[in-house]
Each structure stands twice: as structure tokens, then as C-alpha cells.
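S.K.: Sequence and predicted structure, then a few things I'm wondering about:
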Amino acid sequence: MAKVDIRKLNVWFKENHVLKDVTLTIKENAVTAIMGPSGCGKSTLLRAINRMNETIDGCRTTGEIYIDGQNIYDGSIDVYELRRRVGMVFQKPNPLPKSIFENVAFGLKIHKMADGQKLAEFVEKSLKEAALWEEVKDRLNESAFSLSGGQQQRLCIARALAVNPEIILLDEPCSALDPIATQKIETLIRELAEKYTVIIVTHNVQQAARVSDYVAFLYLGKLIEYGPTKRVFENPENELTERYLTGEFG
Amino acid sequence: MAGKISEKVFFAILGVPTIICLAVFLWITSILLSGIGTLRLDLLTTSVLKGGFFEMIVGTAYLLLGATGVAGPIGVFAAIYLTEYARHGRLTRIIDQAINNLAGMPSIIIGLFGYTFFCRQLGLGISLAAGWLTLALMMLPIVIRGTEEAIKMVPNTFKEAALALGASKWETTKSITLPSAAPGIITSVLLGIARVAGETAAILFTACVLVTRGLPKSPFEPVMALAFNLFVKIVALGEPPEKVFGIALILFLLVISFAAVGIALRIYYRRKQPWLR
């Protein structure tokens, strides 16, 4: 079933036309990877889905993105509620300058979703979901910066999960991590897909092959090819995709 | 060989000014320390009418506290607006330039403005309140600039993290940006205080008189201040400088203690918040 329906999306940053007429339908409870060489607009596409692009000066967007049939660029949409429903994990782990507990509790507090005992329960549940609980349960009040890079990234995932989202956006979540931490995150991504719709941006072709069910290939702001990962990797329809997958450019 | 000579020449060129600065500093310190002789601890709490410094010290504190009360909130809010909310364009550039001009404005001109506007136009007269507003004008650019710097040092990734969780701009500013910038903001306020603590020209004709009977009972009464007394005693009363070294020393210690606390706080918080480096 379609969860996110992107139609004729165009994004400009000042004069720079970053995304050109991208149309794409993303399936529910699956992992969709967006891959492409750097500068092709894949992060911009991802950030269009939770309207984070508009926090940058000079950004202009046309087209529509429907989530469960509702256009998120409609004027009546509550952007804060949208960002609760569409969680995001960034390229570089970016814990807040707070304790481990407070990092996960932050979203719950601003959306007034829980307090007191219930807050602690939600925090524990999210940390467990992000496979971090066992490592941090005895040090919840320590600074989030005392964690390793991989742990910080899983904390950021727990933070996004805490507010009960439906969609998780991951923007090259492993690019700052070592192979072992990367593997843990990739396993986690597969688990998350059982409950959430996961969209991951990656410039790493192997990672896209390992974690995704569907893959979109973006080049110079245009969607070149999109389909089930297996099909795209084994039998790419577009010559450009094939050249990218074989490592001819990237 | 030529290399070694030029090395020595440059060493002299660079080293001599440093030595001059050091010597001047030591000289000033020695002058000030000679003021210790005229100071006794009990004079700090003795009324001016009995030869003490009490009203001058408390008056200076009143002036500084009030000016901080005015310039602190206004400066911090202005800086938040300029960095986080205002769209960058011609208007913000004009405001920026205006702040720079205000920072470079000679204090005598600010004093003159304070006199014509606050004292006469607004009818505050020579009063503590007029002094607060005039000194606040001098503190503002320092507080605004310092706060802006502190806010800009907060990594953008923090703000993005909060926004992506669905926090509003104000929630992000309040719960993420400001706590992270707080040390820098406090420092900038303290440096602003240090800047005006020794200020004479700005309070010369807005707030001060030579002698008051006790402390001002309301913000609309004039006040005594260390810097003003120093100035008047030498210029108007023609007292020998040695007689006012005591006042100079108190004032000097006051100013450097504000600056020192500001710098110490900054170092302390930088250590506590390694991500700000």
C-alpha cells in the first residue's frame, strides 16, 4: 500500500533547481532507499517529506506530497504534527546537549505525550526498540555525548521513535560510523520496517542492496529509475542506473 | 648570517612593544597600589559625609544593576530576533551597521543624547533612571554582539534535531539554543557591565552629583558614582591626584572583577560544553 505519494516535486534553493519533477510512490512498512551520486538531490528529496527544507532560507517547493492521501504542502497542515509523524535521523549523529534520558524524552515533552512514570516507560520502550537500552540503562543521566558514535546514532533513532511516528527518514545514517556500528544500524533498519515506513538516503550502493526493498536512483535532480531493489540491481532498465551500479561513476 | 640578523631585528620589533605594554601596566598598577595607603576597610562602609566612600560604591552598583536590567533583556531579545528570526536582507544590514555605530559612539555623545532626550525631553532630570537608560545605550551593542556570537556558536545540528522532532522555532530557541548559548550570553552581559562600570562621560550630566545626603530614595533622584567623583575632584575641585587614588583603586578593582568573572565563566562553560568549541 502506498504511504507516501510524491507528485511532480520541484525544489529550488535560491536559483539552484535541485529537484526536477520527481514523482514517486513509497510503500508502507518497507525500506525504500534513495541512492545517487553526491549533489543529486537525494537529501533534499528526503527533507521534503518532513518539510525540513523550508527551515533553510531561499528554499521554494512546488508539487505535492501525499501521506495517507493528505497533501502535506496544503496550507492547513500542522507542520509540527507532520514532523512528529515523520521522524528523521541525520547524517552525523546529533544528540541534543542533554542527558541520554532527556534526549529521548524531549519529543514526548514538547508534544505533551507523557510525563512522570509514563514518560520513563516510553523512553525505555524507545531505547529498547533502537537496541540501545541494555547499553545505557545504568547511565541514563549521563550526557548523550559520552556515548560512542554508533550509540549516539541509535539514540537519535530512539529519539525519533519516541514520539510514535509512522515514517522514519534516515539521511545517510551510517556515513560517520565504523563497519561494526554500521552493521548494527542496518540490522535495526530491517527490524524497523516491520512497524514503520522507512526511507533511507545512501550513497553506498551495497548498503542500498543490503537494507532496502525498493530503490530509487536519482541523478542531477531527476528520478532515473525506481523499483524493487532485487529487480533494479539485477536488471536495471536505464543505462545510467547500470553504469552507476557498476561503479562507473558516483 | 643575514637570516640571524633579521631574526633579531624582528624579535626586537615584536618584543619591544610587548615590553612597553607590560611596563605601562605595571606602572599603572603601582600608582593604583599607592592608593591603598589612603584606603581603610571601614571607609568602604562609611558615609561620604564622614569622609568615606559608601554612597559612591553603592551608587555605582545601583547604576550598573539598573543599566543591566534595561540593556540585558533588550539586548538578548534583539540578538535572538536578529539571529534566529529576522530574514537577512537590507534591513538587517542597516540594523547591524547601526549597532556597530552605537558601539563606536564616543561616550560623551551618548551622554549628551541622554541629557537632551532622557533628562529633558522625557523629563527625568538628573536622575538614577536617566543614568540607567544612558548607560544601557552603551551596553546594548556589547550585549547584542556577544549574544549573537553565542547563539551562532550553537551547532545548527542541535536546532535541526529539535525542529525535526516537531518542536516549534520558539521551543527550539527556548529549550535548545538559549541554554547552550547561556554561558556566552552571561559573559557578554558581564563584559557590557565592565565596559560601563568606569564610564564617566555618559553619567556626567545625566545621573550624578558630587554629594548626596544618603542613597537615592527613588530612581528619579540623582546618585553618586566612583568615576564621577574621581573626575570632579580632580577637574573641578583641583584636588591632588594622590588624594583620589583610593577611589581609582576601588573603581579599577570593580571593573576588572566584572571582566574576570565574565572570562572565568566563559572558560568554565567551554569546558563543560565541549561541543561548543
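M.R.: That came through fine.
S.K.: Tell me the helices and strands packed up against the helix or strand A:Ala181 falls within.
M.R.: According to DSSP states H and E, A:Ala181 maps onto helix A:179-192. Under the contact criterion of 3 or more C-beta pairs under 8 Å, 6 or more residues apart in numbering or on different chains; DSSP states H and E, helix A:179-192 touches helix A:149-162, strand A:197-202, helix A:205-211. Every residue, glycine included, has its C-beta placed from N, CA and C.
S.K.: and A:Ile65, which of those is closest to it?
M.R.: Within the helices and strands packed on helix A:179-192, the stretch nearest A:Ile65 is strand A:197-202; the backing value is 11.6 Å (C-beta to C-beta).
S.K.: tell me which parts of chain A are close to chain B?
M.R.: Proximity of chain A to chain B, by C-beta under 8 Å from any C-beta of the partner chain, involves residues A:50, A:52, A:55, A:57, A:80-84, A:87-88, A:90, A:92, A:94-97, A:106-107, A:110-111, A:145, A:156, A:159-160, A:163.
S.K.: Repeat the analysis, applying 7 Å as the threshold.
M.R.: Within chain A, the residues that sit near chain B (C-beta under 7 Å from any C-beta of the partner chain) are A:50, A:52, A:55, A:57, A:80-81, A:83-84, A:88, A:90, A:92, A:94, A:96-97, A:106-107, A:110-111, A:145, A:159, A:163.
S.K.: how about A:Val4, phi and psi?
M.R.: For A:Val4, the backbone dihedrals (degrees, to the nearest 10) come out as phi -120, psi 130.
S.K.: That one contacts A:Ala48, correct?
M.R.: No. Taking contacts as C-beta atoms under 7 Å, A:Val4 lies outside contact range of A:Ala48: 10.1 Å.
S.K.: Now mean neighbour count, distance to A:Leu24 and mean pLDDT too, for the helices and strands packed on helix A:179-192, in CSV please.
M.R.: Shown next, in CSV, are the helices and strands packed on helix A:179-192 (neighbours: other C-beta atoms under 10 Å in any protein chain shown; distance: least, C-beta to C-beta, whole Å; pLDDT from 0 to 100):
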stretch, mean neighbour count, distance to A:Leu24, mean pLDDT
helix A:149-162, 25, 22, 95
strand A:197-202, 26, 10, 96
helix A:205-211, 19, 15, 94
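S.K.: Can you flag the buried ones in the residues of chain A next to chain B?
M.R.: A:50, A:52, A:55, A:80, A:83-84, A:88, A:90, A:92, A:94, A:96-97, A:106-107, A:110-111, A:159, A:163 (16 or more other C-beta atoms under 10 Å in any protein chain shown).
S.K.: Need the residues touching each of A:Val4 and A:Ala48.
M.R.: Counting by C-beta atoms under 7 Å, 6 or more residues apart in numbering or on different chains, the shared contacts of A:Val4 and A:Ala48 are A:Ile65.
S.K.: Return the residues of the stretch 151-277 of chain B in contact with chain A.
M.R.: Counting by C-beta under 7 Å from any C-beta, the stretch 151-277 of chain B sits next to chain A at B:157-158, B:160-168, B:171, B:176, B:180, B:273-275.
S.K.: Take these and keep only those in helices.
M.R.: Members of these lying in helices (criterion: DSSP state H): B:Thr157, B:Phe158, B:Glu160, B:Ala161, B:Ala162, B:Leu163, B:Ala164, B:Glu171, B:Ser180.
S.K.: Chain neighbours aside, what residue packs nearest to the residue most central in space within chain A?
M.R.: Chain A has A:Leu169 as the residue nearest its centroid, 1.5 Å off, counting by C-alpha atoms, centre = their mean. Spatial nearest neighbour of A:Leu169, excluding adjacent residues (C-beta to C-beta, 6 or more residues apart in numbering or on different chains): A:Met88 at 4.5 Å.
S.K.: just checking, next helix/strand downstream of the helix or strand containing A:Val104?
M.R.: When elements are assigned from DSSP H and E, A:Val104 belongs to helix A:100-110. Next in sequence after helix A:100-110, counting helices and strands by DSSP H and E, comes helix A:116-129.
S.K.: count of neighbours near A:Val18?
M.R.: 20 (other C-beta atoms under 10 Å in any protein chain shown).
S.K.: So it, which state does it fall into?
M.R.: strand (DSSP: H, G, I helix; E, B strand; the rest coil).
S.K.: That one reaches A:Thr44, doesn't it?
M.R.: Yes. A:Val18 is within contact range of A:Thr44, at 4.9 Å (criterion: C-beta under 7 Å).
S.K.: so what's A:Lys42 up against?
M.R.: A:Ile34, A:Met35, A:Gly36, A:Val201, A:Leu218.
S.K.: can you tell me which of those residues are in helices?
M.R.: Using DSSP H, none of these sit in helices.
S.K.: which of the residues of the stretch 151-277 of chain B next to chain A count as buried?
M.R.: Among these, the ones that count as buried by 16+ other C-beta under 10 Å are B:157-158, B:160-167, B:171, B:176, B:180, B:273.
S.K.: of all these, which two lie farthest apart?
M.R.: B:Gly166 and B:Gln273 (25.0 Å).
S.K.: Just confirm A:Leu155 contacts A:Gly149, I think it does.
M.R.: No. Between A:Leu155 and A:Gly149 there is no contact under C-beta under 7 Å: 10.5 Å.
S.K.: between those two, what contacts are shared?
M.R.: Contacts common to A:Leu155 and A:Gly149, judged by C-beta under 7 Å, 6+ apart, are absent.
S.K.: What about A:Val22? Give its phi and psi, please.
M.R.: phi -80, psi 120.
S.K.: Okay, it and B:Glu7: tell me how far apart.
M.R.: 63 Å (C-beta to C-beta, to the nearest Å).
S.K.: who's more crowded, these two?
M.R.: A direct count of neighbours by other C-beta under 10 Å for A:Val22 and B:Glu7 places A:Val22 higher, at 24 against 10.
S.K.: okay, now B:Ser188: neighbour count?
M.R.: B:Ser188: 27 neighbours (other C-beta under 10 Å).
S.K.: show me the residues around it that make contact.
M.R.: Contacts of B:Ser188 by C-beta under 7 Å, 6+ apart are B:Ile142, B:Val143, B:Gly146, B:Thr147, B:Ala150.
S.K.: for the first one, phi and psi?
M.R.: It refers to B:Ile142. According to degrees, to the nearest 10, B:Ile142 has phi -70, psi -40.
S.K.: Mind pulling up the pLDDT for it?
M.R.: With respect to pLDDT, B:Ile142 has a value of 95.
S.K.: rewinding a little: so which of the residues of chain A next to chain B are in strands?
M.R.: When DSSP state E is applied, these are split such that A:Met88 fall in strands.
S.K.: what's near enough to touch the residue nearest to the centre of chain A?
M.R.: A:Leu46, A:Ile49, A:Asn50, A:Val86, A:Gly87, A:Met88, A:Ile199.
S.K.: Can you pick out the most distant pair from those?
M.R.: The span of the contacts of A:Leu169, defined through C-beta to C-beta, is set by A:Leu46 and A:Gly87 at 11.8 Å.
S.K.: Between those two, which is the more surrounded one?
M.R.: Between A:Leu46 and A:Gly87, counted using other C-beta under 10 Å, A:Gly87 has the larger neighbour count: 27 against 21.
S.K.: nearest spatial neighbour of the more buried one, skipping sequence neighbours?
M.R.: Per C-beta to C-beta, 6+ apart, closest to A:Gly87 is A:Ala160, 3.2 Å.
S.K.: The one you found reaches A:Ile167, doesn't it?
M.R.: No. Contact criterion C-beta under 7 Å: A:Ala160 and A:Ile167 do not qualify, at 9.9 Å.
S.K.: one step back: please name whichever of the helices and strands packed on helix A:179-192 is nearest to B:Thr134.
M.R.: Taking these one by one with C-beta to C-beta, helix A:149-162 is closest: 48.1 Å.
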